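In: Predicted model and sequence follow; I will ask about them next.
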Amino acid sequence: MAFNQEARKHFPEWPQLDKDDYDAVKAVLDSKQLWCGAPATHKGEFVWRFQKEFAEFLGARHCFAVTNGTHAIEVALMALDIGLGDEVIVSDYTFVATGSAVVAVNAVPVFCDVHARTFNIDEVKIEALVTKKTKAILCVHLGGVPCDMDAVMAIARRHGLKVIEDSSHAHGSKYKGKRLGTIGDIGTFSFQASKVLACGEGGAIACMDDKLAEKIYGIADAGRKVGDYFYNHYIPSSNYRLGEFQAAILCSQLKKFKEQHPVRNKNVEYLRAKIDKIDGMFMQEKPAGTEECGYYVVGVKFDPAKFNGITKEKFYKRLNDAGIPTDDCYPPLHSLACFKDGKGKKGVDYSGANWGGEKSDDRNFPVVTDVFNHSFEFPQEMFLVKDQKDLDYVVDVIVKIKEDKQ
């Protein structure tokens, strides 16, 4: 559904840019160094600076800035030696990149249904999907809400699987004392234009293991080794390096993010307390142990029977018409044409996939189908309002929709 841009006029815009961001870009131009160079021979400095600052913020030992969040997942998979015919269990409720990145490295994504209340991967259903070909679990912290990482890691240990955290929505989210992206073997992030930490296009990969970090760097930088001669290439690989302009913006935005993060959390919880009191509606729940959330989007599920049979499309329209911004929910991966056709990539055996043709029937993924069909999302910038009366207005509109018999 098309987004009504007029709906944003009463709420903060995104991205929020100020003089610091413009000065950061100008600093790159003034330096005449438009790329980062290599660890042993720096050209520009912003990529190296952002990697260090973001790693410190996460509490990660290593961080590598890359071209985008999709490539971050692809590099992570390759660094974990996941490739031809290997199976990766993926949450069914996510942006296409989480699944297509698995296909890109010639592996096979296997989609897992989600919790009805958290909208994240249902760890109870993971083990039924594990086969001899399974190599990893790729969990998604949807909207910045953590997956139950204790349960996911326990399953991974029992079956000898790797864990990748797709933390594209989860900048700053904290679960039981740890930032998301630092709990599994590798964490990946996106800095696409709508994210809470944004530079237009960009991504990052975080890890705690030194040897794994060496592999990540080599794959991300054309097969090079840290500190070695620039034209030595030890593995055939591609170039996933982030540019200096994007890194400069990220350095500036990271400062603002640290100020915005607690405001989002405070305002989301304020609205949650009110939304959850409305009969037939609840906000995406957080698992026990959640301390902070990135809140890239905030999902709200409704029971149409309690709202006079309203459809999702009409709910969106009513909110937008009232000047309330919304974001579209991701269609479940199993329902996308690129997976429903069952073709995948030439030379890869997809017989173990649980998608394609009849396998992609919504009845095989009942929870995520219900969540997608009966929920809407608020964008993160809506929660940067300075006056919580603006959030009261959102509640008033929803109550009016509920009471409206038309």
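Out: Great, that's in hand.

In: what about this structure, any weak spots by pLDDT?
Out: 1-8, 405-406 (pLDDT under 70).

In: Of all residues in the protein, which one is nearest the centre?
Out: The residue lying closest to the centre of the chain (C-alpha atoms, centre = their mean) is residue 168, at 2.5 Å.

In: Could you find the closest non-adjacent residue to that one?
Out: The shortest distance from residue 168 to any non-neighbouring residue, by C-beta to C-beta, 6 or more residues apart in numbering, is to residue 190 (3.7 Å). C-betas here are computed from N, CA, C, even on glycine.

In: List the buried residues of the longest helix that the chain contains.
Out: For the chain, the helix with the greatest residue count under DSSP state H is helix 244-275. Neighbour-count burial for helix 244-275, counted by 16 or more other C-beta atoms under 10 Å, picks out 244-254, 256-257, 260-261, 264-265, 267-268, 270-272, 274-275.

In: again with stretch 211-226
Out: For stretch 211-226, the neighbour count (16+ other C-beta under 10 Å) marks 212-213, 215-225 as buried.

In: Between which two of these is the distance greatest?
Out: Largest separation among those by C-beta to C-beta: 212 and 222, giving 18.4 Å.

In: For this structure, which segments count as helices?
Out: Ranges of helices within the chain are 19-31, 46-58, 69-79, 96-104, 123-126, 149-159, 210-220, 244-275, 312-321, 337-340, 366-373, 389-403, based on DSSP H.

In: can you pull the contacts of the residue nearest to residue 62 when sequence neighbours are not counted?
Out: With C-beta to C-beta, 6+ apart as the criterion, residue 62 has its nearest non-adjacent residue at 3.9 Å, and that residue is residue 213. Contact criterion C-beta atoms under 8 Å, 6 or more residues apart in numbering gives 61, 62, 64, 207 as the residues in contact with residue 213.

In: Hmm, residue 183 and residue 207 touching each other?
Out: No. Proximity of residue 207 to residue 183 does not meet the contact threshold set by C-beta atoms under 8 Å, at 11.0 Å.

In: Comparing those two, which shows the higher neighbour count?
Out: Neighbours were counted for residue 207 and for residue 183 using other C-beta atoms under 10 Å; residue 207 has more, 27 against 21.

In: For beta bridges, what are the partners of that one?
Out: With DSSP bridges as the criterion, the beta-bridge partners of residue 207 are residue 62.

In: how much space between it and residue 103?
Out: Counting by C-beta to C-beta, to the nearest Å, the separation of residue 207 from residue 103 is 23 Å.

In: Next: residue 59.
Out: As for residue 59, its distance to residue 103 is 32 Å (criterion: C-beta to C-beta).

In: neighbour-wise, which of the two wins?
Out: Neighbour totals were compared for residue 59 and residue 103, and residue 103 leads with 20 against 14 (other C-beta under 10 Å).

In: Just give the number of residues close to residue 279.
Out: That count, for residue 279 with other C-beta under 10 Å as the rule, works out to 8.

In: when you give positions from now on, start the count at 753
Out: Happy to do that; since the first residue is 753 now, the last one works out to residue 1031.

In: which ones are touching it?
Out: Applying C-beta under 8 Å, 6+ apart to residue 1031 gives the contacts 1058, 1154.

In: where does it fall, phi/psi-wise?
Out: Dihedral angles of residue 1031 (phi, psi; degrees, to the nearest 10) stand at phi -60, psi 130.
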